[in-house]
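> Just need the structure, nothing else, for what follows:
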Amino acid sequence: MDYLEALSSIHRILRPRNYLEIGSRFGHSLALSEAPSIGVDPDYEIRLPLKAPTRLFAETSDDFFKRDVAALVCGPVDLAFIDGMHNAEFALRDFINCERASHAQGIIVIDDVLPRDIAHTSRERNTQVWTGDVYKLVAILRKFRPDLIVETYDVEMKGLCIVSGLRPGDATLTEAYRDIEAGILNGRYQLETIEEITRIVAPQPAASLQADLERLKERRSKRSYATGLVGADLPAYHAGTMEYRYRGIPCLKSPVDIAIYLRLLDQLRPASIIEIGSKHGGSAMLFRDMCGAMDIQAQIVSIDLDQPGLPASEEIRFVQGDAANLETPFRQHGLFDLPRPWLVIEDSAHSYAVCTSVLEFFEEHLRTGEYLVMEDGVLDDLGWSAQYQGGPNRAIAEFLARGSRSFEIDVAYCDMFGRNMTYNPNGYLRRT
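Numbers count the residues shown, from 1 in each chain. The predicted structure is shown next:
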């Protein structure tokens with residue numbers, strides 16, 4: 001099996017939603033894609049017909065990655081293939097940039113990791129078959145990013161590496177890049193024999209590739225709870241979100257999710273919006289005005305232990321109550337009689353216990369087609385999961401794992417801007 005046969009199997013089994021290729025030259029590998037594709041090569045000479053809608057960039061990958069890649073492919077990259085400059089530091093930069101542009105369930109494939117002759121590993125091309133020292137990237141990834149799943153295969157002539165378990169917001173390689181690059185250039189990762197390279201790369205037989213791809217496909221079908229918003233600027237994005245105000249009142253809503261809510265409101269047209277967690281009251285005001293702009297006659301009830309100091313209005317009721325014990329405020333304030341359909345927004349304590357309690361309460365009280373939005377699963381990717389005991393993501397995952405079919409993840413909203421490109425990964429739940 002050569003690399004084109006292997007790459008063909010990857011496309012056929014994983015069926016990526018989009019494809020990014022670094023190093024396209026004559027187009028042999030690019031021609032395998034049936035998904036919207038991008039090819040990057042400063043000297044490309046495409047000699048084969050391309051099956052998919054494809055954009056070609058005649059520039060270096062370093063220059064290409066100065067662009068907004070997600071905007072070019074309408075979302076995070078699903079499958080990337082690195083076959084560019086065959087020096088380890090270039091391949092490492094390509095990997096860093098591809099991972100940053102991908103989503104958590106994306107796949108990165110790296111060519112040229114298993115040379116057959118030590119002469120092929122020269123950093124300057126002087127043989128017909130040339131892998132350069134890309135093999136070093138395998139050892140570097142395994143050393144600096146043990147969280148990644150790095151699998152190599154004894155594909156004919158040059159080997160192949162498939163990397164999954166991506167974390168687009170991880171900065172480990174970026175922060176260590178200068179030290180790693182210096183190590184590459186001063187020989188720290190140099191191996192002198194093919195036997196040493198093979199031992200370090202540790203390839204699996206090419207014959208096992210198809211079965212492994214099927215298992216990878218199954219893993220990918222189980223939705224990750226990582227937000228697609230993860231990236232180098234997530235902390236800055238979050239800081240801006242926490243400063244967001246509506247009508248001068250803190251609202252604390254991600255602009256991406258405001259857009260998602262606009263579509264959800266328009267399609268569901270709820271008669272009642274039940275917000276668990278009022279905070280300053282800005283989001284309740286925002287929902288009121290959104291509904292007004294779309295001529296949706298919705299009653300808004302916002303529940304919190306501490307009511308915001310806002311004046312009462314005809315459309316918004318601020319009710320005192322505990323998210324961990326919703327039965328009490330619902331009975332005391334006659335909320336079970338609110339007009340249907342309901343849109344429920346859980347935005348209170350975010351702890352695992354409270355989120356689980358809210359899920360269990362509305363499993364009983366929501367009707368088919370109504371929605372429960374569990375907000376702020378993004379806290380995992382902000383590094384705060386432990387202080388919330390796993391928070392919304394753990395609560396949703398464990399609740400759904402019980403086998404209950406009471407809720408389903410509505411991917412049309414979760415993935416409206418790309419896979420889980422939301423503060424609420426897998427958090428738009430529809431009552432079945």
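> so for the host helix or strand of residue 12, what's the average pLDDT?
Assigned by DSSP states H and E, residue 12 belongs to helix 3-14. Over the span of helix 3-14, the pLDDT mean works out to 96.
> can you list contacts of that helix?
Under the criterion C-beta atoms under 8 Å, 6 or more residues apart in numbering, residues 19, 28-29, 32-35, 79, 81, 107, 109, 111, 153, 155-158, 160, 162, 206, 209-210, 213-214, 216-217, 220 lie in contact with helix 3-14. All C-beta atoms are positioned from the backbone trio N, CA, C, and that covers glycine.
> Report the buried members of those.
When the contacts of helix 3-14 are checked for burial by 16 or more other C-beta atoms under 10 Å, the buried set is 19, 29, 32-33, 35, 79, 81, 107, 109, 111, 153, 155-156, 158, 160, 162, 206, 209, 213, 216, 220.
> where are the low-confidence patches of the stretch 151-300 of the chain?
Applying pLDDT under 70 to the stretch 151-300 of the chain picks out residues 221, 231-232.
> quick one: the helices in it?
Counting by DSSP state H, counting those that start in this stretch, one finds helices in the stretch 151-300 of the chain at the ranges 172-185, 194-201, 209-221, 234-242, 255-268, 282-293.
> most packed of those?
helix 282-293 (a mean of 20; mean count of other C-beta atoms under 10 Å).
> and that one, what does it pack onto?
Using 3 or more C-beta pairs under 8 Å, 6 or more residues apart in numbering; DSSP states H and E as the contact test, the elements touching helix 282-293 are strand 245-246, strand 249-250, helix 255-268, strand 272-276, strand 299-304, strand 316-320.
> Tell me which of these lies nearest to residue 227.
Taking C-beta to C-beta, helix 255-268 is the member of the helices and strands packed on helix 282-293 nearest to residue 227, at 9.6 Å.
> ok now the closest one, how far from the chain's centre?
20 Å (C-alpha atoms, centre = their mean, to the nearest Å).
> And for it, what's in contact with it?
With C-beta under 8 Å, 6+ apart as the contact definition, helix 255-268 has outside contacts at 229, 241, 244, 253, 286-287, 290-291, 294, 296, 341, 343, 369-371, 373, 375, 413, 416-417, 421-424, 428.
> send the alpha carbons of that helix over as PDB?
Taking C-alpha atoms only, helix 255-268 is exported to PDB below (Å, rounded to 0.1, in the frame of the first residue of the first chain):
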ATOM      1  CA  PRO A 255     -21.900  36.800  20.500                       C
ATOM      2  CA  VAL A 256     -21.900  33.400  18.600                       C
ATOM      3  CA  ASP A 257     -24.600  32.100  20.900                       C
ATOM      4  CA  ILE A 258     -26.600  35.300  20.600                       C
ATOM      5  CA  ALA A 259     -26.700  34.500  16.900                       C
ATOM      6  CA  ILE A 260     -27.700  30.900  17.600                       C
ATOM      7  CA  TYR A 261     -30.400  32.000  20.000                       C
ATOM      8  CA  LEU A 262     -31.900  34.300  17.300                       C
ATOM      9  CA  ARG A 263     -32.400  31.300  15.000                       C
ATOM     10  CA  LEU A 264     -33.700  29.100  17.800                       C
ATOM     11  CA  LEU A 265     -36.200  31.700  18.800                       C
ATOM     12  CA  ASP A 266     -37.400  32.200  15.300                       C
ATOM     13  CA  GLN A 267     -37.800  28.500  14.700                       C
ATOM     14  CA  LEU A 268     -39.300  27.500  18.000                       C
END
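> count of neighbours near residue 364?
By the criterion of other C-beta atoms under 10 Å, residue 364 has 8 neighbours.
> For it, which three-state class applies?
Of the three states, residue 364 takes helix according to DSSP: H, G, I helix; E, B strand; the rest coil.
> can you tell me how far it sits from residue 330?
Taking C-beta to C-beta, to the nearest Å as the measure, residue 364 and residue 330 are separated by 11 Å.
> quick one on the thing from earlier: out of the buried ones among the contacts of helix 3-14, list just those in strands.
Residues of those located in strands (DSSP state E): 19, 79, 81, 107, 109, 111, 153, 160, 162.
> quick revisit: can I get the helices of the stretch 151-300 of the chain in a markdown table with distance to residue 307?
Below are these laid out as a markdown table (distance: least, C-beta to C-beta, whole Å):
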| stretch | distance to residue 307 |
| --- | --- |
| helix 172-185 | 44 |
| helix 194-201 | 62 |
| helix 209-221 | 44 |
| helix 234-242 | 21 |
| helix 255-268 | 22 |
| helix 282-293 | 11 |
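> Out of the ones you listed, flag the one nearest residue 138.
helix 194-201 (5.1 Å).
> Send me that closest one as CSV with only the CA atoms.
The C-alpha atoms that make up helix 194-201 are tabulated as CSV, following Å, rounded to 0.1, in the frame of the first residue of the first chain:
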residue,chain,number,x,y,z
ILE,A,194,17.1,3.2,9.6
GLU,A,195,16.8,0.7,12.4
GLU,A,196,16.9,3.4,15.0
ILE,A,197,14.3,5.5,13.1
THR,A,198,12.0,2.5,12.7
ARG,A,199,12.3,1.7,16.5
ILE,A,200,11.4,5.3,17.5
VAL,A,201,8.6,5.7,14.9
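> which residues touch the residue lying farthest from the centre of the chain?
Of all residues in the chain, the one whose C-alpha sits farthest from the chain's mean C-alpha position, using C-alpha atoms, centre = their mean, is residue 332 at 41.4 Å. Residues touching residue 332, when contacts are defined by C-beta under 8 Å, 6+ apart, comprise residue 321.
> Please report how far it lies from residue 326.
From residue 332 across to residue 326, the span is 11 Å (C-beta to C-beta).
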